[in-house]
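Engineer: predicted coordinates and the sequence they were generated for:
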Amino acid sequence: MNKANFKGYSRVLLIGAALLLGITATFNRVVDPFQYFGNPRISGFNAVKSKLRYFEREVKPVVVKREQPEAVILGSSIADIGFEPLHPALTRDGQATSYNFGLAGAPWKENLCTLEYVLANTDAKRIVFGMVAQPTMPVEDCTQNFAAMNKDRLLEVLVSPQVIQSSLETLRNQSPPVPQTHTPEGRYLYFRNDPRVEDRARAFFEANLRGNTTCSEDRLRHSLDGPTEPLALDTSTPSDLSGLARILTQVSGRDIQLRIVLYPYHVVGAEADYLCDKAQQRWFVMYRMARYIEQHPPAPPASVELWDFQGYGSLFAEPLGGGVLTYWQDTIHFNPELGDRMLDAMFGVDEKNASDPLTGFGYRVDSVTLTTRYQWLMDQRRTFLHTHPETWDMLMRLIPPEVQRSQTTTKFEGL
Amino acid sequence: MLFNSYTFILGYLPITFLVFFALAQKSHKIAAVWLMLASLFFYGWWGPQYILLLAASILVNFGIGLGIQRRLRADRPRQAKGMLVLGITVNLLLLGYFKYSNFFIHNFNFVLGTNWGIDDIILPLGISFYTFTQIAYLVDTAQGKVREYNFVHYALFVTYFPHLIAGPILHHAEMMPQFARPETYRMRWGNIAVGLTIFFIGLFKKTVLADGIATYSSIVFDAAAAGTALPFLDAWGGALAYTLRLYFDFSGYCDMAIGISRLFGINLPLNFDSPYKAENISDFWRRWHMTLSRFLREYLYIPLGGNRKGGARRYVNLLVTMLLGGLWHGANWTFVIWGGLHGLYLVVNHAWQSFRQRLGWNQEGGRAGRIVAQALTFLAVVVAWVFFRATSIDAALIVLKGMAGFNGIEMPFKWLAKWGAAGNWLLLHGVRFHDSPTFASGLLYWIVGGLAIVWLAPNTQQIMEWFDPALNYRPEPRPSMLWLRWRPTMRWALASVVVAYFGMLYMSSGFSEFIYFQF
């Protein structure tokens, strides 16, 4: 190049920079480390997506909008891990597409906004909406959430340092393959058979019970030894259900089956509520929600059902210490083996073997039968914990010492 | 629209550039109008409603300028002066309303215990810059220094998009003649090559360096804002990270503005000249935000009397100028304290110089003396930046207490094992080894690398000095590192490709505004 060749210099600079960016974009487009573009997964090249979990919130909204699934699963990590989108009830036996749009760590506001995003951007016909039983369900301002979900991220997933690093790591992680973080349909794979499940459960109990003066082992024992506490369904206390109202309005008149699921917990997780005198809250929430849905049903063909799956059978009491669990990841996250049964119940698969609607696995909540279900579950609980000392011992091992009645009392006989 | 966005680089800039030179072949005036309209579009991208405010400000100021000029020609200087006072008042009222209303009402309520309130007023982008630009124009008109009264050139001088949002604060005398000269309207590959190179150097500084170090400083200042006491290393890490972040952010912005303008054949004034190499605080202000310093000197310090009314009055003038300069940066007491500190530094510096002169110490300090002076100046500047960055005086004091060692020293746990006996010795002498959420050892690389660049490397203008990089740039008398002087060669083209590539690549890791946009 001539020393004073400004034109040549400028051309090399512009073309060179554009070329490098083009090569980078092509490379990332081909590897597609986040499954953003829906490229085919090629074994040994990009089949294992190990970086998606860091970009779940950026990628899932785009995939849902592009794929237009007929069924969508929503909720926090519990739904993200526990509900398999390829379940036949969701895919109409493989005839339709389905996607798990669960977002790890999503609080109520994000869940509600994600549901509204799905309703606004897809024609989904079956929606599973997982949530924790919470006293209020306020309407939320989703402006910022929508802006984030609708943001055009094309340049970020084509030319950014993060995507280059992710693409290179994706190539590197194929051989030997590292664990996949998500299925192509969006389900989060988390861990499986983690030997430290009991340790993590203990840490969870520590974090949630320590310092909480309402939590005590005496309270727990009393709830088992004493008479069943009557269900207090006082509706005079106002409770903000405006978020639920908005959901009902938005699905009204649309061909949507919406199933709202209150997450069930492993027995030791559920018993934490009895330790801390919060068990009745869940029933009160269910009652308020069910009553509201009954009083404000969405216009057909939409159907909205509230479901509860908390139980005290062997499905809910897997030993945590062994490291090999079928139905649970830990005390709050269930596996698809349990999630599949929940989907069976909610979408009426295998109706011949369906259990009794009031006393079986899964309960479609309604305000009239709620007390009966409560009484039945309390009996189940009492019987189960009296006849399964190993579950009681497991629970005692997790409770922080100051919450226990006595640091040495970990025997079932103490009941 | 940000300079560091694909919308700007791949859309706005090429379109504005190509249409400008296409129109310039037919009519210079139409090309200038196009550039003005494109600049208004650029401004309106952020908030279209404020285009009207900007347009009204231009019309009013140009009208007042014409009025002043006519009265001067009619030999009615008192009326001209009256119009000047009116013009300055209107400008200051506008700035005061948008920028300082909430601040004054808040303080008024605090002092008098009242409860007055107004809705939060959104600060229109760039208002501090275009207000000052136009006040200077009116003052110069009243002093008979303005030669040209072409509305299109005036409007273009105010709205010209490379400087509109965050400076440099332009002077009509150096800009309007450039808009008037025919060469500006001829596309030149020399301008394109130089402009693109300066632009991409600036982009690299912003997206790779400034944004790269930003998280380290934010963690520390956010913790201070939340009332968290900071250990020694954490506080120094945060303060130095911010010092470097601000440097690369503002320096990057200035380079980008100068580079973009050069594409259009317009040279902007130099605004940033390796300020951390300054050997005293006066030298610092000759290198940092040079066009603001010039404005404050010519339109505030000198009219206040400058150094013409004795030593004591000079110090008062310095303090007042810097306090107002601080307040110009933002309606917060932290900025006032920052300005006051710099005023105090300047007073001390001038007093020291007078003292030396009186004692006849006129000898230069030598290399070691210069290094000490540079380090001392840098230290003073870092301390003042703590107030500039902190969201409240309390938060600034928390950081400064940490820097002074009030909260002891904590080091990352892994260093204890790494340093062996030295680690144990430190442990015995009160150093805690603990992983702190406000300190990451990776920051050390940023600080060492960043300081090496700001202290040892030539700046953009020095790299580009053979090709007239900016107005008012004076080449070094004894240039060093000649191999780092840019020429349009293949080697430089390839190096620039790499700089441009990384600058644009890091642009996608989350667009961030320039710090000076908030002023």
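Structural biologist: Looks like it came in fine.

Engineer: can we go C-alpha only for contacts and neighbour counts from here?
Structural biologist: Fine.

Engineer: for B:Asn407, give its distance to A:Arg341.
Structural biologist: B:Asn407 is 57 Å from A:Arg341, where distance means CA to CA, to the nearest Å.

Engineer: what residues are up against B:Tyr242?
Structural biologist: B:Ile213, B:Ala214, B:Ser217, B:Ser218, B:Trp385, B:Arg389 (CA atoms under 8 Å, 6 or more residues apart in numbering or on different chains).

Engineer: that one: which element?
Structural biologist: Using DSSP states H and E, the element containing B:Tyr242 is helix B:232-263.

Engineer: pull out the buried residues from that helix.
Structural biologist: B:232-263 (16 or more other CA atoms under 10 Å in any protein chain shown).

Engineer: hang on, B:Phe272 in a strand?
Structural biologist: No: assigned with DSSP: H, G, I helix; E, B strand; the rest coil, B:Phe272 falls outside any strand and is coil.

Engineer: state the distance from it to A:Arg291.
Structural biologist: For B:Phe272 relative to A:Arg291 (CA to CA), the value is 68 Å.

Engineer: kindly report the same for B:Gly420.
Structural biologist: In terms of CA to CA, B:Gly420 sits 68 Å off from A:Arg291.

Engineer: try B:Met504
Structural biologist: 56 Å.

Engineer: compare the two and say which is more crowded by neighbours.
Structural biologist: B:Met504 (25 against 16; other CA atoms under 10 Å in any protein chain shown).

Engineer: the more buried one touches B:Leu203, doesn't it?
Structural biologist: Yes: taking contacts as CA atoms under 8 Å, B:Met504 lies within contact range of B:Leu203: 7.4 Å.

Engineer: where does chain B have low pLDDT?
Structural biologist: B:509-519 (pLDDT under 70).

Engineer: now the helices for the stretch 251-400 of chain A?
Structural biologist: A:267-275, A:279-295, A:336-346, A:370-387, A:389-398 (DSSP state H, counting those that start in this stretch).

Engineer: what's the closest of the ones you listed to chain B?
Structural biologist: Nearest of the helices of the stretch 251-400 of chain A to chain B, taken as CA to the nearest CA: helix A:389-398 at 28.3 Å.

Engineer: export the closest one as CSV, just CAs?
Structural biologist: The C-alpha trace of helix A:389-398 is given here as CSV (Å, rounded to 0.1, in the frame of the first residue of the first chain):
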residue,chain,number,x,y,z
PRO,A,389,-40.5,-43.5,61.2
GLU,A,390,-37.7,-43.3,58.6
THR,A,391,-39.5,-40.2,57.1
TRP,A,392,-39.7,-38.7,60.6
ASP,A,393,-36.0,-39.3,61.2
MET,A,394,-35.2,-37.8,57.9
LEU,A,395,-37.2,-34.7,58.9
MET,A,396,-35.5,-34.4,62.3
ARG,A,397,-32.0,-34.6,60.7
LEU,A,398,-32.8,-31.5,58.7
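
Engineer: can you give me the buried ones in that helix?
Structural biologist: Result for helix A:389-398 [16+ other CA under 10 Å]: buried residues A:Thr391, A:Trp392, A:Met394, A:Leu395, A:Met396, A:Arg397, A:Leu398.

Engineer: now do stretch B:34-53
Structural biologist: Buried residues in stretch B:34-53 (16+ other CA under 10 Å): B:34-44, B:50-51.

Engineer: ditto for stretch B:453-460
Structural biologist: Of all the residues in stretch B:453-460, those buried under the rule 16+ other CA under 10 Å are B:Val454, B:Pro458, B:Asn459, B:Thr460.

Engineer: which two of the residues you listed have the greatest separation?
Structural biologist: Greatest spacing in the buried residues of stretch B:453-460, by CA to CA: B:Val454 and B:Thr460 (11.0 Å).

Engineer: residue in the stretch 351-500 of chain B nearest to chain A?
Structural biologist: B:Val497 (5.1 Å).

Engineer: tally up the residues packed near that residue, please.
Structural biologist: Neighbours of B:Val497 (other CA under 10 Å): 24.

Engineer: confirm that it sits in a helix.
Structural biologist: Yes: counting by three-state DSSP, B:Val497 falls inside a helix.

Engineer: hang on, it packs against A:Tyr9?
Structural biologist: No: at 10.1 Å, B:Val497 and A:Tyr9 do not qualify as touching, with contact defined as CA under 8 Å.

Engineer: closest one of the buried residues of helix A:389-398 to B:Leu319?
Structural biologist: Of the buried residues of helix A:389-398, the one sitting nearest to B:Leu319 (CA to CA) turns out to be A:Leu398, at 65.2 Å.

Engineer: quick check: that closest one vs B:Ala193, distance?
Structural biologist: Note on A:Leu398: its distance to B:Ala193, by CA to CA, is 69 Å.

Engineer: if we can go back for a sec, okay if I get the contacts of B:Tyr242 as JSON lines plus secondary structure?
Structural biologist: Shown next, in JSON lines, are the contacts of B:Tyr242 (three-state DSSP):
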{"residue": "B:Ile213", "secondary structure": "helix"}
{"residue": "B:Ala214", "secondary structure": "helix"}
{"residue": "B:Ser217", "secondary structure": "helix"}
{"residue": "B:Ser218", "secondary structure": "helix"}
{"residue": "B:Trp385", "secondary structure": "helix"}
{"residue": "B:Arg389", "secondary structure": "helix"}
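
Engineer: format those as TSV; extra columns: distance to A:Ile260 and neighbour count.
Structural biologist: As requested, these are arranged in TSV below (distance: CA to CA, whole Å; neighbours: other CA atoms under 10 Å in any protein chain shown):
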residue	distance to A:Ile260	neighbour count
B:Ile213	45	25
B:Ala214	43	17
B:Ser217	44	25
B:Ser218	40	18
B:Trp385	53	21
B:Arg389	47	20
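
Engineer: and the two most separated of those?
Structural biologist: B:Ile213 and B:Trp385 (15.6 Å).

Engineer: how about the strands in the stretch 1-150 of chain A?
Structural biologist: A:71-74, A:98-100, A:126-131 (DSSP state E, counting those that start in this stretch).

Engineer: looks like A:Lys60 contacts A:Thr114 (just checking).
Structural biologist: No: using CA under 8 Å, A:Lys60 is not in contact with A:Thr114, being 10.3 Å away.

Engineer: from the stretch 201-350 of chain B, which residue is nearest to chain A?
Structural biologist: For the stretch 201-350 of chain B, CA to the nearest CA, closest residue to chain A: B:Val208, 10.3 Å.

Engineer: so who does that residue touch?
Structural biologist: Contacts of B:Val208 (CA under 8 Å, 6+ apart): B:Phe502, B:Gly503, B:Tyr506.

Engineer: how close does it get to B:Gly167?
Structural biologist: Counting by CA to CA - B:Val208 and B:Gly167 are separated by 22 Å.

Engineer: same question, B:Val347
Structural biologist: 27 Å.

Engineer: higher neighbour count, the two?
Structural biologist: The neighbour comparison of B:Val347 against B:Gly167 (other CA under 10 Å) goes to B:Gly167, with 25 against 22.

Engineer: list the contacts for the more buried one?
Structural biologist: Contacts of B:Gly167 by CA under 8 Å, 6+ apart are B:Phe129, B:Cys254.

Engineer: distance of A:Ser175 relative to B:Gln462?
Structural biologist: 49 Å.

Engineer: these two: who's more crowded?
Structural biologist: B:Gln462 (25 against 12).

Engineer: what helix or strand is that one on?
Structural biologist: Here B:Gln462 is assigned to helix B:460-463, by DSSP H and E.
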